[in-house]
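Colleague: what shape does this take:
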Amino acid sequence: MQNRQEDQKSKMTTSLQQTMAYMNERMSPDTSFDIVYRVIEVGGRQSCIYFIDGFCKDELMMKILQYFIDLKPADMPENVHEMAKKATPYVEVDLKDSWDDILYSILSGVFALFIDGFDRCILIDSRTYPARGVEEPDKDKTLRGSKDGFVETIVFNTALIRRRIRSTELRMEMMNAGKSSRTDIVLCYMNNRVDHAFLDKIKRRIEEIQVDALTMNQESLAECLYQRKWFNPFPKFKFTERPDVAAAQVLEGDIIILVDNSPSAMVIPTSIFDIVEEADDYYFPPITGTYLRLSRFIISILTYIMTPTFLLLMQNPDWIPESYQFIMLQEEPNIPLIVQFLILELAIDGLKLAAVNTPNMLSTPLSVMAALVLGEFSVNSGWFNSEVMLYMAFVAIANYTQQNYELGYALKFMRILNLILTAVFGLYGYIGALIIFVLSVVCNKTLSDKSYIYPILPLNLRQLGKRLLRLRLPEAKK
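Modeller: Residues are numbered from 1 along each chain as shown. All right, here's what the predicted structure looks like:
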């Protein structure tokens with residue numbers, strides 16, 4: 001911390017020997033093999049270059065170095081500004097004299113050139129980061145639409161959005177956070193559509209972040225931005241790995257936050273309707289998109305109320321009409337129903353974790369084994385009733401009808417709370433759990449302090465219709 005404060009206050013000098021002594025002390029190139037420095041002569045002046053091995057384009061650097069080495073003293077500019085702007089054969093060139101900026105640039109992959117007699121460092125941005133292809137993300141797949149996705153390199157992600165929004169109003173504002181990591185953060189927004197008061201608020205919060213590193217990328221940033229009560233499980237942010245979804249949110253006036261090393265975009269502010277929406281709603285005709293959206297709403301509610309309602313009815317069988325007696329348990333349970341439900345809730349998460357860590361070549365045989373052992377044999381052994389297995393199987397599968405992982409677990413926590421309260425207090429517990437569920441949604445606040453269930457509260461019937469129904473796009477009406 002003290003070294004960084006000294007870097008912010010100190011400036012470069014014109015002495016190359018002092019510069020190299022300082023750089024070698026701070027960067028330790030003799031210890032770190034990937035930090036490379038080389039002393040060369042540029043136009044008759046002693047010079048030194050510093051860069052990170054693996055971040056620079058080798059062929060390009062060879063050409064630039066050859067140019068500098070071949071530069072004759074007669075052609076050498078008199079000052080560093082002319083050297084950077086006129087005599088450096090590259091597009092992205094910058095000048096810095098603050099050690100804090102210079103060290104940050106070098107550690108980010110920028111090529112640094114120090115020349116004896118010049119009081120500024122010439123920074124050549126020829127970096128390239130290891131990156132995978134922009135293939136479609138596994139989590140945010142769609143039946144139609146583009147098949148590209150965000151990657152871990154932030155510059156590629158901004159380019160994917162720029163490709164879709166060719167407007168001069170689109171802004172990509174760079175910031176960083178973390179004392180050690182200095183993680184790059186990009187705020188993406190439309191200057192003529194964004195709420196500037198909210199934008200300034202987000203900038204201030206990012207600038208005030210006091211952490212050593214954003215170790216978990218966007219999750220670390222989200223926890224730093226939203227520091228209120230944590231026990232409300234409903235998500236405060238929407239994450240997407242699809243550039244088309246991010247571009248659409250930007251055009252609606254939202255802010256997209258991109259974090260380096262993270263293949264997803266954070267959308268703010270976010271309401272419950274934003275989280276439930278998916279790209280397929282818009283890649284199909286209005287009637288199909290409306291059906292998909294309403295189906296997702298209904299199924300999400302069913303995943304919450306189905307098992308607690310079944311438990312309540314089994315506690316009060318006289319409430320069941322004669323025509324629906326078939327839903328009654330066919331066999332007397334050996335284990336209380338609430339215990340069966342809680343065990344299966346835990347078992348489903350165990351299967352999810354096992355599926356994530358199972359090698360692909362073993363996933364099919366292990367899935368068959370799990371279906372046989374945990375399905376048929378668990379019922380035959382008397383541990384579980386077949387009706388309980390049926391309803392929990394529906395809940396487990398129906399959770400995948402919506403893509404948001406956090407929303408799925410929020411519904412799960414609320415469902416478990418409802419099961420426990422129903423088992424203990426009966427109808428009163430069931431009603432109390434429903435009230436807690438509604439209050440958790442209604443009282444949840446977005447990052448912009450707006451209602452989480454807008455346009456229901458405050459009521460806006462026109463916007464509510466757009467949220468529930470997939471209407472024709474404005475372009476299609478003309």
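
Colleague: and stretch 129-136, how far out from the chain middle?
Modeller: On the basis of C-alpha atoms, centre = their mean, to the nearest Å, stretch 129-136 sits 16 Å off its chain's mean C-alpha point.

Colleague: can you give me the buried ones in that stretch?
Modeller: 129, 134 (16 or more other C-beta atoms under 10 Å). Every C-beta, even on glycine, is put in place using the N, C-alpha and C of the backbone.

Colleague: could you do stretch 431-445 as well?
Modeller: 433, 434, 437, 440, 441, 444.

Colleague: same question, stretch 309-323
Modeller: 310, 311, 312, 314.

Colleague: can you tell me which of these are in strands?
Modeller: Taking DSSP state E, every one of these sits outside strands.

Colleague: so which of the residues you listed belong to helices?
Modeller: Members of these lying in helices (criterion: DSSP state H): 310, 311, 312, 314.

Colleague: low-confidence regions, this structure specifically.
Modeller: The chain contains residues with pLDDT under 70 at 1-9, 229, 361-377, 379, 473-478.

Colleague: residue 218: which of the buried residues of stretch 431-445 is nearest?
Modeller: Nearest to residue 218 among the buried residues of stretch 431-445: residue 444, at 19.3 Å, using C-beta to C-beta.

Colleague: need phi/psi at that closest one.
Modeller: phi -70, psi 140 (degrees, to the nearest 10).

Colleague: equivalent analysis for residue 449, please.
Modeller: Torsion angles at residue 449 (phi, psi; degrees, to the nearest 10) stand at phi 70, psi 20.

Colleague: just name the closest of the buried residues of stretch 431-445 to residue 79, please.
Modeller: Distances from residue 79 to the buried residues of stretch 431-445, taken by C-beta to C-beta, are shortest for residue 444, at 58.1 Å.

Colleague: now do the same contact list for the closest one.
Modeller: Neighbouring residues of residue 444 by C-beta atoms under 8 Å, 6 or more residues apart in numbering: 232, 234, 236, 272, 452.

Colleague: ok, now residue 117?
Modeller: Contact partners of residue 117, counting by C-beta under 8 Å, 6+ apart, are 14, 16, 45.

Colleague: now the buried members of those.
Modeller: Those of those that meet the buried threshold are 16, 45, by 16+ other C-beta under 10 Å.

Colleague: inside strands: which ones of the contacts of residue 117?
Modeller: residue 45.

Colleague: columns distance to residue 276 on top of the contacts of residue 117, output as JSON lines?
Modeller: Shown next, in JSON lines, are the contacts of residue 117 (distance: C-beta to C-beta, whole Å):
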{"residue": "14", "distance to residue 276": "61"}
{"residue": "16", "distance to residue 276": "61"}
{"residue": "45", "distance to residue 276": "63"}
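
Colleague: tell me which of the buried residues of stretch 431-445 is nearest to residue 255?
Modeller: residue 444 (19.0 Å).

Colleague: strands of the stretch 1-150 of the chain, start to end?
Modeller: For the stretch 1-150 of the chain, strands defined by DSSP state E, counting those that start in this stretch occupy the ranges 35-42, 45-52, 93-96, 111-115, 121-124.

Colleague: the fourth one pairs with which strands, parallel or anti?
Modeller: Pointing back at strand 111-115 there. strand 45-52 (antiparallel), strand 121-124 (antiparallel) (DSSP bridges).

Colleague: may I see the buried residues of the host helix or strand of residue 347?
Modeller: Here residue 347 sits within helix 337-357, counting by DSSP states H and E. Using 16+ other C-beta under 10 Å as the test for burial, helix 337-357 gives 337, 338, 340, 341, 343, 344, 345, 347, 348, 351.

Colleague: and which of those is nearest residue 263?
Modeller: Distances from residue 263 to these, taken by C-beta to C-beta, are shortest for residue 351, at 25.3 Å.

Colleague: re the thing from before, okay if I get the strands paired with strand 111-115 as JSON lines plus distance to residue 187?
Modeller: Below are the strands paired with strand 111-115 laid out as JSON lines (distance: least, C-beta to C-beta, whole Å):
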{"stretch": "strand 45-52", "distance to residue 187": "26"}
{"stretch": "strand 121-124", "distance to residue 187": "23"}
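
Colleague: so which of these is the most surrounded?
Modeller: strand 121-124 (a mean of 24; mean count of other C-beta atoms under 10 Å).

Colleague: any idea which of the strands of the stretch 1-150 of the chain gets closest to residue 268?
Modeller: Among those, strand 93-96 comes nearest to residue 268, with 30.4 Å by C-beta to C-beta.

Colleague: which other helices and strands contact that closest one?
Modeller: Counting contacts by 3 or more C-beta pairs under 8 Å, 6 or more residues apart in numbering; DSSP states H and E, strand 93-96 packs against helix 80-85, helix 99-107, strand 121-124.

Colleague: and the next helix or strand past the last one?
Modeller: Beyond strand 121-124 on the C-terminal side, the first helix or strand identified by DSSP H and E is helix 154-162.

Colleague: quick one: buried residues of that next one?
Modeller: Within helix 154-162, judged by 16+ other C-beta under 10 Å, the buried ones are 154, 155, 156, 157, 158, 160, 161.

Colleague: check contacts around residue 119.
Modeller: Residue 119 makes contacts with 11, 12, 13, 14, 80, 97, as judged by C-beta under 8 Å, 6+ apart.

Colleague: ok, it to residue 74 distance?
Modeller: 23 Å (C-beta to C-beta, to the nearest Å).

Colleague: how close does residue 388 get to residue 330?
Modeller: For residue 388, the distance to residue 330 - C-beta to C-beta - is 11 Å.

Colleague: who's more crowded, these two?
Modeller: residue 388 (23 against 8; other C-beta atoms under 10 Å).

Colleague: so how far is the host helix or strand of the more buried one off the chain centroid?
Modeller: Element membership for residue 388, per DSSP H and E: helix 386-398. Taking C-alpha atoms, centre = their mean, one finds helix 386-398 lying 31 Å from the centre of the chain it belongs to.

Colleague: can you check stretch 157-171 too?
Modeller: How far stretch 157-171 lies from its chain's middle: 18 Å, per C-alpha atoms, centre = their mean.

Colleague: that stretch: end-to-end distance?
Modeller: 14 Å (C-alpha to C-alpha, to the nearest Å).

Colleague: so what touches that stretch?
Modeller: For stretch 157-171, contacts defined as C-beta under 8 Å, 6+ apart pick out 134, 148, 150-151, 172, 186-193, 243-244, 246-247, 250-251, 256, 258, 263, 265.

Colleague: among those residues, name the buried ones.
Modeller: Listed as buried from these are 134, 148, 150-151, 172, 186-190, 243-244, 246-247, 250, 256, 258, 263, 265; burial here means 16+ other C-beta under 10 Å.

Colleague: pull up the gap between residue 174 and residue 246, please.
Modeller: Residue 174 is 17 Å from residue 246, where distance means C-beta to C-beta.

Colleague: ignore the last one, residue 16
Modeller: Distance of residue 16 to residue 246, computed by C-beta to C-beta: 45 Å.

Colleague: before we move on, what about residue 48?
Modeller: Shown here: residue 48 relative to residue 246, a distance of 42 Å by C-beta to C-beta.

Colleague: rewinding a little: could you check the angle helix 386-398 makes with the helix holding residue 347?
Modeller: Inter-element angle recorded for helix 337-357 and helix 386-398: 40 degrees (by axes from the mean of the first three to the mean of the last three C-alpha atoms, to 10 degrees).
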